[in-house]
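Trainee: Quick one, structure for this:
(one chain, ligands or ions: 1)
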Amino acid sequence: MKSVNSKPLVPIRKHGNRPKCDNDAIKEPVKVFCRIRPMVHPNDESCIKIISDTSFVITPSESVTNGRNVNKAIQTSFSHIFGPNSSQGEVFDIVALPLIRNLINGKNSLLFTYGVTGSGKTYTMSGNLHDAGIMPRSLDVIFNSIANYQTKKFVFKPDKLNGFDVQSEVDALLDRQNELQKLVTSYNGKAFRQFKGDGNNDNNENILNLSNESEILHVDEDNAYSVFVTYIEVYNNSVYDLLEENDGKTKTLQNKIIREDGNRNMYVHGCTEVEVKSSEEAFEIFQRGQCKRHIAHTNLNTESSRSHSVFTIRLVQAPLDKEGEQIVQNKRVICVSQLSLVDLAGSERTNRSKNTGQRLREAGNINNSLMTLRTCLEILRENQTQGTNKIVPYRDSKITQLFKNYFDGEGNVRMITCVNPSANDYDETIQVLKFAEVSQEVQITNSTTSKLDLGYIPGRRQANKIFKEARNRLENAGNPAAADLEIDLGLVYSLGGSFPEMEITSPHNDEIITTLIRFLELRIQKRDILQEDLKQKQTNFRNMIVKVERENVSLKIENSTLKASNDQRQKKISALEAHICKTEAQIDTLLSRLNNANDIIRHMKQDLQNKSMLLNQRAIDKQRVKEKYNNKIQAETDKMSKELESKLRRQRELLQNQMKEKEDKLKLVKQILISDDEMSKNDRPESKETIQVQNDIEMPITSKITTTVPNTASESILITTTPKTTTKTVSTIKFEDCNDTRSSRKDRIPVVNPRYRRSQSADRWLDHRPPGLVPVGTILQPVIRNKRISVKQLTDPKDITNKASRYCLVAQEQDTDGELETKLYKGDILPTSGGGAQVVFNDMEYLKQVSPIARRKRSGYLSPGENSTSQKDYCGSEQNNSKKLRI
Ligand SMILES: Nc1ncnc2c1ncn2[C@@H]1O[C@H](COP(=O)(O)OP(=O)(O)OP(=O)(O)O)[C@@H](O)[C@H]1O
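Mentor: Next up, the predicted model:
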C-alpha cells in the first residue's frame, strides 16, 4: 500500500529566514516586568509602594534627598509587578512559560534580568538550592514536555556555523560509541559521574523535586526533539565559553568572537554546545559553567556577578517521515529555536560599592556595557517613533552585539527589572526605572515559526505505534506473515459497512430482503455522492493540470532566464565564497596569532610578577640587613662616644692639672724674677745681665743636634742643645712689660735689639746654614757683615777654631699649624783646654712666618689695626714664650 498523502516538501517559511522589515510584520513592545525583592533588613526604610499588579509609586526618603529639590513621588508601570512575597514559581509562570511555548513552537526569545547590584537578578534567573529560578524551571518544563519525543544523542549534530545537521541512525550510533570510548579513556571519577549523570546530586535534587510540579506543554507529536545548551559570559567586554573543556594545561578560558551566520543571526563562534537529555543533566552542565563564572564578594553583595552571563537553550526539532518512523533526513526540515536567559551584571556606583583595583575595572566595564545597551534601545526607540535612521551602536559592546538579531530581527524580548526597595538604593533604582521605561517603548518584530509543513498526516507517530503493537500481537499469535506488513496511513474510501445477513430460513422472511434493499439504496446513494465527488475532483484536477501546465510553460521560460542569471550569480557566489574562505583563513591565522600573543603576554606578565616579587623580597632583605647594621653601628657609635667622652674628660683633667702646675711654676718664676729685679735695682749693673733660666717648658726643638768636629789634637768638639734644658738669653725680657704700663720705655727691652747685635760687631761669626733653607728675607738676620764665615756643613774643625768667636745655627721647620718657623741658635765659641773649642748656646731667635688669615682665626695675636696688612707675611720672634712680636 502507498500513502496517498505524500505531498512534495513545500516550506511554509524558510528555516532561519532573514529578518523581515516588512511594514505588515506584527510588532509588539518589549514586555518589561518588575520584581521587588524583600528588604535585606526588615526594619529598613522602603521607598516603594505597590498600588496595583502593574504599577507602583517610588518616593525618596528625607535622608536620601538631603534637602535636594527632588521630584517627590513617581508612579511607574510595568507588564506585571511581583511584590516581595511573590514566589519563584509565580514569576516563572507569568514571565517565562509563554517563552517556553514559543520555543516549542519554533520561535526565538530573549529574557534578561536588569537591576542594581544585589537586587535579585541571579536569584530570579537561577535561584538557589531551595528555590529554583527561571532557568532550572524552564529546563524542567521543556524536558517534561518533550520527554517521549526526544531523539537519541547525536541524531542532530551542530554544524559549527550555528546550524545543525541530521545524521542517520548509524552515524549517530557511531558518535555515541566514540563518546563512550572517550569517556572510558579519560576516565576519572568526575567524568564517570558525569557520564552516569549522577554528579552534583545535592543541586540536582532541587530540580528533580520540581519535575513533580512543573507543567507539561503541548508539543507536536510527529516531530523529534533534541535540546542543546551553551553557557557564555561577557567579562570585561570579552566573551568566554564557560563550558569549554580545559586541556589541563591552560586554566584560563579563551576569548571567543561573535559572528553572524547565514541567516544573520549572531552567535559565538567555536562555543561548546552540549546536547542534554534531561533537566538534571542540563542543570549539571549549568553548574559546571557557573563554577568558572566571575563572581566576587563586594560591599553590596557577597556573591556579586562580575560578568553578564548568557545561558542559551536551543531546541532542535524535525518531522518524522510519512510512516511516523524515522526523522526526515533533510537539513532543510530542521527547525531550531532558542531561548536566551541573560543574567546581566548589576549596575553599581563605586562610591557605594567602594570597589578598587580589579573590582573597579570590572564595575567600569559593566557600567559601560549597560550604558551601551541603554543607548541602543534609546536609538531604536527614536528610530521607531521619530522615523529617523540612526545607526544603532550594537558593536560598542559584546552583549549588545550578541542581542542584535533579537532587537533588529525577530524575537520575543522580555525583561525583568529587579528592584531593591531600600530607600538607600533610591538613586540607582530611579536610573533602572528610566531604562525600563525606554525598553517598554521599543517595538520588536514578533518572531514567526520556522517549521516546515511537509503535508504528512498528523498523528502518524501515534498511528505507527498502534500499528506496530497490533503487528507484534499478530506475530505473537502465530502469524509470521504479519512481520512484512507495512503501515499505510492513506485515506480509504468506503461505501459503508458490510452487507447485512442474507440467509433466508423461512418463506416469510421478507424482512431480510427489505433490509438488503435499504442497504443497497444507501450504497447507491453513497456511490452517487462519491461519483459526484469524484467527477468534481476530476474536473478540479483537470482544471488544475491545465492551470499547472500553463504555469509550467511560463515557469519554464522564467526558469531559463533565471537559470542564466543564476549561473552568473553562482559564479559571483563562488568568487565571494573563495574570498570568504581566504578571509576566514586569514582571520583564523590572525586569531591564532592573537591567542599566541595573548599567551606570551600572559607569560610575560607572570614573569614580571615573579620578578617584581623577587625584587620586593630582595628589597625587604636589604632593608633588614641595613637595619641590622644600622643598629650595630648605632651601638658601636654609642660605645665609642662614651669611651671618647671619658677619654676626653680624663685628658681635660690631665691638661687642667698640667696647666695648674705650669701656672704655679710661672708664678714662682715671676716671683723669682720680681725679687731678682728688685735686687738688681738695688745694685743696678750698667751692662746687660744675662739670666739663665732653667726652663722646663718644652721648647720646640725637635731633635738633639750633635756635631762632632775633629780638632788638630784629634779631640772632639761636642755641640749640644738639650731640648728640655735649653739655656735662654733673656737679657732683654721683662715679664711685667705685658701688664705693667707704668714701666718706662727705657726699661723695656725690644725683642730685636739691633744695637745688641751691633755691640757684637767686633765678633767673627760662624754662620752655619744647612742647605735647603727657605729664604725668609727678614731683618731678623743677625748682622754679620765682613767678619762672617758661612758654612753649610761643619766638616773642618778650623771653621770653629779659626778666629770665629760666635756661632749661629739656622734651622727651619713647620709648626703644628703648618707655618714656617725659622730658629737661630746662637752661642759663644769658647776655646777648650785641649786646644779645641766648644760652643755655649746662650741665645735663640725664633722667627715665625704667619699667614694673616690664619692669624685672624687664632685671635689674640694681632691688634685690630693690623687688619690692613692682611695679605702681608709677618715675621715674629718669641723669646722664652713671651709671645711678643717683632716686626
Ligand atoms: N526575591 C528574593 N527573595 C529572597 N531573597 C532574595 C530575593 N532577591 C534577592 N535575594 C537574595 O539577595 C541576595 C543578592 O541577590 P542576587 O545575587 O540575586 O543579586 P544580583 O542582582 O544578582 O547581584 P549582582 O548584580 O551583584 O550579581 C542573594 O543572597 C539572594 O538570595
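
Trainee: Could you report the pLDDT at Pro700?
Mentor: If you check Pro700, the pLDDT there is 39.

Trainee: Tell me the residues of the protein that contact the ligand?
Mentor: Taking CB under 6 Å from any ligand atom as the measure of proximity, the chain contacts the ligand at 37-38, 115, 117-123, 128, 301, 303-305, 345-346, 418. C-beta here means a position set from N, CA and C on the backbone, and glycine is covered the same way.

Trainee: In helices, which of those fall?
Mentor: Among the residues of the chain next to the ligand, the members falling in helices (DSSP state H) are Lys121, Thr122, Tyr123.

Trainee: from the residues you listed, which single one is nearest Ser641?
Mentor: Using CB to CB, Thr122 comes nearest to Ser641 of these, at 69.6 Å.

Trainee: can you pull the pLDDT of Val392?
Mentor: 90.

Trainee: mind listing what it touches?
Mentor: Cys376, Ile379, Leu380, Asn383, Phe407, Asp408 (CB atoms under 8 Å, 6 or more residues apart in numbering).

Trainee: what's the neighbour count on Arg33?
Mentor: In this structure residue 33 is Phe, not Arg. Number of residues near Phe33 (other CB atoms under 10 Å) recorded here: 22.

Trainee: strands paired with the host helix or strand of it, and their directions?
Mentor: Taking DSSP states H and E as the definition, one finds Phe33 inside strand 31-36. Applying DSSP bridges, strand 31-36 is found paired with strand 80-82 (parallel), strand 412-419 (parallel).

Trainee: looking at those, which is buried most?
Mentor: Stretch with highest mean neighbour count among the strands paired with strand 31-36: strand 412-419 (a mean of 26; mean count of other CB atoms under 10 Å).

Trainee: Ramachandran angles for the residue of the stretch 251-400 of the chain found nearest the ligand?
Mentor: Residue nearest to the ligand within the stretch 251-400 of the chain: Gly346 (2.5 Å; CB to the nearest ligand atom). Backbone torsions of Gly346, given as degrees, to the nearest 10, read phi -80, psi 140.

Trainee: So it sits against Thr113, correct?
Mentor: No: if you go by CB atoms under 8 Å, Gly346 and Thr113 don't touch, sitting 9.5 Å apart.

Trainee: Look at these two and report which has more neighbours.
Mentor: Gly346 (30 against 26).

Trainee: Spatially nearest residue to that one (excluding sequence neighbours)?
Mentor: Thr117 (3.0 Å; CB to CB, 6 or more residues apart in numbering).

Trainee: pLDDT score assigned to the one you found?
Mentor: At Thr117, the pLDDT value in this model is 84.

Trainee: As a quick check, tell me the outermost residue of this structure.
Mentor: For the chain, the residue at maximal distance from the C-alpha centroid (CA atoms, centre = their mean) is Pro507, at 111.0 Å.

Trainee: Buried subset of the residues of the chain next to the ligand as a ChimeraX selection?
Mentor: Filtering the residues of the chain next to the ligand down to the buried ones (16 or more other CB atoms under 10 Å) takes a single ChimeraX command:
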select :37,115,117,118,119,120,121,122,123,301,304,305,345,346,418
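
Trainee: Overlap of the contact sets of Gly346 and Thr113?
Mentor: If you check Gly346 and Thr113 against CB under 8 Å, 6+ apart, the residues they both contact are Lys121.

Trainee: give the contact list for the residue nearest to Ile313 when sequence neighbours are not counted.
Mentor: Counting by CB to CB, 6+ apart, Leu339 is the residue found nearest to Ile313 once chain neighbours are left out, at 4.8 Å. Counting by CB under 8 Å, 6+ apart, Leu339 touches Leu99, Ile100, Asn102, Leu103, Asn108, Ser109, Leu110, Leu111, Ser138, Thr312, Ile313, Leu315.

Trainee: try 7 Å this time
Mentor: Leu99, Ile100, Leu103, Ser109, Ser138, Ile313 (CB atoms under 7 Å, 6 or more residues apart in numbering).
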